[in-house]
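Undergrad: how would this look folded up:
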Amino acid sequence: MHSNRRRTHRIEVALDDKEYDKFKQNVQLCNMTQQKYLYNLITHHEPKPLPAQDFFAMIGQLRRIGNNLNQLVMIAHKTGSIDIVRYKRDIAELNKNILEIRKKVLLPEENCDGND
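TA: Residues are numbered from 1 along each chain as shown. Next comes the predicted model:
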């Protein structure tokens, strides 16, 4: 083991075939290493499986919509025919929704049962 590692304690866990297969399946679905998967569980965060590919397409589409809105507003602002306060509020809401979608789908959920 490297002396500059922060985590110096190693553990061994015995699993039967069914448990081990389920563990490997969960690790693979989440696209994590076994260590990262276990670390998330220990810190009360339940790892989530990677979302379907259409999720990434949806996020890309939302971003393109946001970019298009930006371009349209730049032109409209120059002509004086837009409510800039409303536009900024709408863009902030779009960005908030994008972040919320990513958070719900990609980030592990905290699973605190009170037992540390």
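Undergrad: what ranges do the strands span in the protein?
TA: 45-46, 109-110 (DSSP state E).
Undergrad: least reliable of those strands going by mean pLDDT?
TA: Mean pLDDT is lowest for strand 109-110 out of these, coming in at a mean of 74.
Undergrad: distance of the nearest residue to residue 51 once chain neighbours are set aside from residue 49?
TA: Spatially, and ignoring its direct neighbours in sequence, residue 51 is nearest to residue 105 (4.5 Å; CB to CB, 6 or more residues apart in numbering). For every residue, glycine as well, the C-beta is placed using N, CA and C. As judged by CB to CB, to the nearest Å, residue 105 and residue 49 stand 9 Å apart.
Undergrad: And these two? Which one has more around it.
TA: residue 105 (16 against 12; other CB atoms under 10 Å).
Undergrad: pLDDT value on residue 77, please?
TA: 78.
Undergrad: mind listing what it touches?
TA: residue 84 (CB atoms under 8 Å, 6 or more residues apart in numbering).
Undergrad: how close does it sit to residue 67?
TA: 16 Å.
Undergrad: Show me where this protein has its helices.
TA: 17-30, 34-42, 53-79, 84-106 (DSSP state H).
Undergrad: Which other helices and strands does the shortest one contact?
TA: The contact analysis (3 or more CB pairs under 8 Å, 6 or more residues apart in numbering; DSSP states H and E) places helix 34-42 against helix 17-30.
Undergrad: mean confidence score for the helix it packs on?
TA: pLDDT averaged over helix 17-30 gives 96.
Undergrad: now it, how far from the chain's geometric center?
TA: Taking CA atoms, centre = their mean, to the nearest Å, one finds helix 17-30 lying 21 Å from the centre of the chain it belongs to.
Undergrad: outside of that helix, which residues touch it?
TA: The contact list for helix 17-30, computed with CB under 8 Å, 6+ apart, reads 15, 33, 34, 37, 47, 48, 49, 50.
Undergrad: Alright, calling it a day.
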